[in-house]
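Asks: Structure for this input, please:
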Amino acid sequence: MSKQWLCSVVTTACVLATTPLGADTLKVVTDPSFVPFEMMDPATGRMTGFDMDILAAVAARAGFDYSVSTMDFNGIIPSLQTGNVDLAIAGITITAERRAIIDFSTPYYDSGLRILVREDDDRVHRIDDLEGLLVGTKLGSTSYDFLLSELGDSHGVVAYPDSHEMFNALMAGDVDAVLFDAPNVGFFARNRGEGHVKTVGPLYQGQQYGIAFRKDSDWLHEVNSALEEIRRDGTYRAIYEKWFDSLPEGR
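Replies: Alright, predicted model coming up:
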């Protein structure tokens with residue numbers, strides 16, 4: 001059973017929901033393993049991260065409360081399609097294929113894909129160097145699709161249901177490299193993987209993340225307005241610099 005929190009736009013705190021959801025309490029789903037965008041705080045048992053801070057700031061300005069539940073990434077878009085949830089925020093890349101079945105907010109984060117290898121491995125410098133190696137990535141992600149297009153087939157591509165398993169496989173030597181979203185890869189390399197792994201090569205496939213909605217959601221306009229407002233008033237910059245390096249110029 002997935003956990004669910006009821007979140008207040010006044011305090012931005014989340015508690016386990018024990019009462020029926022109100023008319024303006026939106027059902028939000030996220031993936032608990034996309035560090036540092038969303039992750040479980042072991043001290044509190046609550047979701048935290050860049051996306052959770054963005055969600056709280058947007059909800060406060062758009063005028064809704066929300067409950068948060070978690071699931072594997074590959075289940076998120078189907079849940080939106082069936083109407084089981086109202087919106088999703090989980091580092092979801094905006095693509096034409098996804099736009100055909102769900103709606104997206106204006107982009108709130110610029111990203112791309114990056115290669116991660118073990119610290120002592122000097123074989124890999126670019127995507128072409130992954131030929132003939134075992135490469136880990138995340139099931140249902142754009143990095144998986146990119147690997148298939150670049151390497152020609154699925155041979156050598158190992159897909160994991162969450163990023164923890166993917167990174168653990170690299171550390172254990174079960175795969176030779178990982179290709180995944182640059183901020184997630186960079187955060188792992190600077191923290192738990194420090195001294196054991198390194199990022200290599202350029203940024204591939206410039207991507208943008210959006211807040212995802214079921215088709216024709218009544219909240220899309222309000223959320224877009226809220227995203228514009230938090231960029232204007234400095235809230236976005238403060239949240240960005242809390243979790244990453246300084247905000248790039250022009251963002």
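Asks: what secondary structure does the most centrally placed residue in the chain sit in?
Replies: Nearest to the geometric centre of the chain sits residue 91, at 2.4 Å (CA atoms, centre = their mean). Put simply, residue 91 is coil when judged by DSSP: H, G, I helix; E, B strand; the rest coil.
Asks: With residue 115 instead?
Replies: Per three-state DSSP, residue 115 ends up strand.
Asks: Show the contacting residues for it.
Replies: By CB atoms under 8 Å, 6 or more residues apart in numbering, the contact set of residue 115 is 124, 126-127, 130, 177-179, 185, 199-201. Where C-beta positions appear, they are placed from N, C-alpha and C, glycine not excepted.
Asks: Can you tell me which of these end up in helices?
Replies: Mapping those onto helices (DSSP state H) picks out residue 185.
Asks: Highest neighbour count among the contacts of residue 115?
Replies: Ranked by the number of neighbours (other CB atoms under 10 Å), these place residue 178 first, at 29 neighbours.
Asks: I'd say that one and residue 165 touch.
Replies: No. Applying CB atoms under 8 Å, one finds residue 178 not in contact with residue 165, separated by 10.8 Å.
Asks: Pretty sure residue 235 sits against residue 54.
Replies: No. Using CB under 8 Å, residue 235 makes no contact with residue 54, being 9.0 Å away.
Asks: if you count what's nearby, which of the two comes out ahead?
Replies: residue 54 (24 against 19).
Asks: Doesn't the more buried one belong to a strand?
Replies: No. Counting by three-state DSSP, residue 54 is not part of a strand but helix.
Asks: Look up how far residue 177 lies from it.
Replies: 30 Å (CB to CB, to the nearest Å).
Asks: What of residue 138?
Replies: 14 Å.
Asks: next one: residue 152
Replies: 17 Å.
Asks: Contact partners for the residue nearest to residue 209 when sequence neighbours are not counted?
Replies: Distance criterion CB to CB, 6 or more residues apart in numbering; nearest residue to residue 209, sequence neighbours excluded, is residue 109 at 4.2 Å. When contacts are counted by CB under 8 Å, 6+ apart, residue 109 touches 50, 91, 183, 208-209.
Asks: buried subset of the residues you listed?
Replies: 50, 91, 183, 208-209 (16 or more other CB atoms under 10 Å).
Asks: Burial check on residue 194, number of neighbours?
Replies: Neighbour tally, residue 194, other CB under 10 Å: 11.
Asks: contacting residues for it?
Replies: By CB under 8 Å, 6+ apart, the contact set of residue 194 is empty.
Asks: And the pLDDT at it?
Replies: Looking at residue 194, its pLDDT is 88.
Asks: how far away is it from residue 119?
Replies: 9 Å.
Asks: What segments of the stretch 101-250 of the chain are helices?
Replies: Ranges of helices within the stretch 101-250 of the chain are 142-151, 163-172, 182-190, 220-232, 235-243, based on DSSP state H, counting those that start in this stretch.
Asks: how big is the angle separating the third one from helix 142-151?
Replies: On the basis of axes from the mean of the first three to the mean of the last three CA atoms, to 10 degrees, helix 182-190 is oriented at 100 degrees to helix 142-151.
Asks: to the chain's geometric centre, what's the distance from helix 182-190?
Replies: 12 Å (CA atoms, centre = their mean, to the nearest Å).
Asks: Against which helices or strands is that helix packed?
Replies: strand 109-118, helix 163-172, strand 197-209 (3 or more CB pairs under 8 Å, 6 or more residues apart in numbering; DSSP states H and E).
Asks: Nearest to residue 81, out of those?
Replies: strand 197-209 (19.0 Å; CB to CB).
Asks: pull the CA atoms of that closest one into CSV?
Replies: Output of strand 197-209 as CSV, limited to C-alpha atoms (Å, rounded to 0.1, in the frame of the first residue of the first chain):
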residue,chain,number,x,y,z
VAL,A,197,32.1,7.0,-8.9
LYS,A,198,32.6,9.9,-11.3
THR,A,199,30.6,11.6,-14.1
VAL,A,200,32.1,11.6,-17.6
GLY,A,201,31.3,13.1,-21.0
PRO,A,202,29.0,15.9,-22.1
LEU,A,203,25.3,16.5,-21.3
TYR,A,204,23.1,14.5,-23.7
GLN,A,205,19.6,15.3,-24.7
GLY,A,206,18.7,18.7,-23.3
GLN,A,207,15.5,18.1,-21.4
GLN,A,208,12.9,20.1,-19.4
TYR,A,209,10.9,18.8,-16.5
